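*Asks:* here is a sequence together with a model predicted from it:
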Amino acid sequence: MPVSSLPDRAEVASAIGWARLIQGKDQNVHPAVGVGLVIELVPGFSLFMRAFSQLLDRLSLEPRRLAKEALLMRYFLETPDPDRGYALAALTGGLNFKHAKPALLRSLISERTDPQLFALSYDFVGDLSETIALMWPQNLATDGQSQMLALSEVVDQLKRAGKTDVPRLLTAWLDDLDDTGRWALLKLVTGGLRVGVSARLAKTAVARLGDLETSQVEEVWHGLEPPYEVLFAWVEGRTGPPDNDDPAPFRPVMLAHPLDEDKDLAQLVASDFAVEWKWDGIRVQAAAGRSQTGESVNRLYSRTGEEISRAFPDLLDALDFDACIDGELLIIKDGRVLPFSDLQKRLNRKTAGPKLVKSYPAAIRAYDLLHLEGEDLRGLPFSERRNRLSTFIASLQDPRIDLSPLTSVGDWQEIAAARADPGQFLDKDNAAVVEGVMLKRWDSSYVNGRPKGLWFKWKREPFLIDAVLMYAQRGHGKRSSFYSDYTFGVWRDGDNGPELVPVGKAYFGFTDEELREIDRFVRNNTVNRFGPVREVQHDMETGLVLEVAFEGLNRSTRHKSGVAMRFPRISRLRWDKPTGEADRIENLEALLP
């Protein structure tokens, strides 16, 4: 089971019955275990649900990315089809059981435990699957056969089961499994694995089974279906690449390195680079084409390859072409680019209704052209792709897709000035949603990943304020026992004198040691409790001041303070600063565009 602090090797070994952690050197050891940590699966167990549950358990305990990759590779090597394919689908969000939802799980556990006790336990643990797994009464009369179920059997039965059958199935399995098995089953059912494995990491582990790049797997991914047997056959060299006649595939994106001002500016030549605005939206890829039967296919992808088409129906009918555009998703209404807070209203939704679409119309500001009428343009230099893009966007004559302008600046001093004050070059509304500048070598081809020396991002310096911690909430996963989500405020004049008003919430930016210090402060200075949230002492004399960094500020009618921060994070703990000297709301209002 996941724990709040990482165990040592002996603790991990005792917690995982299917693995042995042994010391030694092995030429076949994955680079992640360069310190001599080798993981051996107990022979014969990889076929069963137990192997999957213990894989998730080990992944949840392991903080190192390469070590997680090693665990995934070993599992995929040891586990036959179709089980490993369904595990891959679970890790990449490719499974959905329409009749098995969190509400059903809550109902099942409420029939077996005291509801108040469950609520208190859920408050403490912070994870629904883990809480139910720990509290589910052990049925000593069962035969343990669920431990030996193949993962594919679980998936198949859940997919075929009707609405009235699912509770019976889940109850029987939960009765029969141990704590770790119950936890894994519930994670599988809800789709929220939360074991620190991204979809890209899972695909990387699959690619590493053979001599493939992650990008090669990503390019064929959307044409595949679980349990991905053709994919595994390809990476293991048993067949050629899967047939991919998808007319609108995802193409792995090219990313930029942050510019190191002290190092890079002395080595780079400004004239070698195109200078482009970095817009405050989300990176997307718009791909469209026609199938072999002549059917129009158009899709919108996030930068990680997740299809988000259904959430943006107002853009799909604009993709009436045979091309692939790399660009920024923005909200543009009446010619005005709206702040990121308005874009957030459209994000993380499965669909968008007419009212939402009308209030917050989506648009794409195009950066690059990757494919056009059957021709792959990624090998061309950026200068040529940019010219082709300019001509292509002009031919569309659609206000929902426009061209991101380049900046006419010369040396580094002029580029720095544009970065610091985009209002010199853009109108007020556009300048307000610029995060900085992008530097792209004119001769760069479009290469997936983050190649060195080709593209750089030079973001504007973050804003900093001193705010007072007001509320804290427990985190999730390995942070579930720590108060790690913080609401902070600044001073304003109230009816009875100075008062704090909340202006933001942050849950990263601090070290593990600082997390323990803040957690200790929260527990020792709690003055009120609201479920999983604690209110801490905060007045003019006592409290904790946090230095908060953020990327921008917008007006907001949803927040009591009237402002909304963009990407707030904890920059420093100001134990030295009296709470009465924290910033006032007027300091933030002065930053509003």
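*Replies:* Cool, got the structure.
*Asks:* quick check: phi and psi at E276.
*Replies:* In terms of degrees, to the nearest 10, the main-chain angles of E276 are phi -130, psi 150.
*Asks:* with adjacent residues omitted, what lies nearest to it?
*Replies:* Nearest residue to E276 in three dimensions, chain neighbours excluded: M438, at 4.4 Å (Cβ to Cβ, 6 or more residues apart in numbering). In this view, the C-beta of every residue, glycine as well, is placed from N, C-alpha and C.
*Asks:* report how many residues lie close to that neighbour.
*Replies:* Around M438 there are 23 other residues, counting by other Cβ atoms under 10 Å.
*Asks:* A strand includes it, no?
*Replies:* Yes: if the criterion is DSSP: H, G, I helix; E, B strand; the rest coil, then M438 is within a strand.
*Asks:* can you start the count at 498 instead of 1 from here on
*Replies:* Got it, first residue is 498 now, which makes that one M935.
*Asks:* tell me the confidence at it?
*Replies:* At M935, the predicted lDDT confidence score is 97.
*Asks:* do G531 as well
*Replies:* 35.
*Asks:* for the one 10 residues further on, same thing?
*Replies:* On the pLDDT scale, G541 is placed at 34.
*Asks:* which residues in the stretch 498-647 of the chain form strands?
*Replies:* All strands of the stretch 498-647 of the chain, identified by DSSP state E, counting those that start in this stretch, fall at 516-519, 535-538.
*Asks:* still on that earlier bit, show the contacting residues for the residue nearest to E773.
*Replies:* For M935, the residues meeting the contact criterion (Cβ atoms under 8 Å, 6 or more residues apart in numbering) are A753, V772, E773, W774, K775, Y864, W952, F953, K954, W955.
*Asks:* neighbour count added to the residues you listed, as JSON lines?
*Replies:* Formatted as JSON lines, the contacts of M935 follow (neighbours: other Cβ atoms under 10 Å):
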{"residue": "A753", "neighbour count": "16"}
{"residue": "V772", "neighbour count": "19"}
{"residue": "E773", "neighbour count": "20"}
{"residue": "W774", "neighbour count": "25"}
{"residue": "K775", "neighbour count": "22"}
{"residue": "Y864", "neighbour count": "23"}
{"residue": "W952", "neighbour count": "23"}
{"residue": "F953", "neighbour count": "18"}
{"residue": "K954", "neighbour count": "17"}
{"residue": "W955", "neighbour count": "23"}
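*Asks:* among the residues you listed, which are located in strands?
*Replies:* V772, E773, W774, K775, Y864, W952, F953, K954, W955 (DSSP state E).
*Asks:* where does pLDDT dip in the stretch 898-1047 of the chain?
*Replies:* Within the stretch 898-1047 of the chain, the stretches with pLDDT under 70 are 974-975.
*Asks:* change it to 90
*Replies:* Scanning the stretch 898-1047 of the chain for pLDDT under 90 picks out 905-907, 924-930, 932, 946-947, 956-960, 971-979, 991-994, 1004-1010, 1026-1030, 1036-1039.
*Asks:* ditto for the stretch 498-647 of the chain
*Replies:* By pLDDT under 90, the weakly predicted segments of the stretch 498-647 of the chain are 498-548, 550-551, 557-562, 590-591, 593, 595-599, 612-627, 635-647.
*Asks:* nearest residue to the middle of this structure?
*Replies:* Nearest to the geometric centre of the chain sits S695, at 7.5 Å (Cα atoms, centre = their mean).
*Asks:* run a quick neighbour tally on the residue nearest to it when sequence neighbours are not counted.
*Replies:* Sequence neighbours aside, T801 is the residue nearest to S695 in space, at 7.5 Å (criterion: Cβ to Cβ, 6+ apart). As a burial measure, T801 scores 13 neighbours (other Cβ under 10 Å).
*Asks:* my read is T801 is in a helix, agree?
*Replies:* No: using three-state DSSP, the assignment for T801 is coil, not a helix.
*Asks:* break down the stretch 548-697 of the chain into its helices, ranges please.
*Replies:* Counting by DSSP state H, counting those that start in this stretch, one finds helices in the stretch 548-697 of the chain at the ranges 562-575, 580-588, 599-607, 612-622, 625-632, 648-657, 663-673, 676-687, 696-704.
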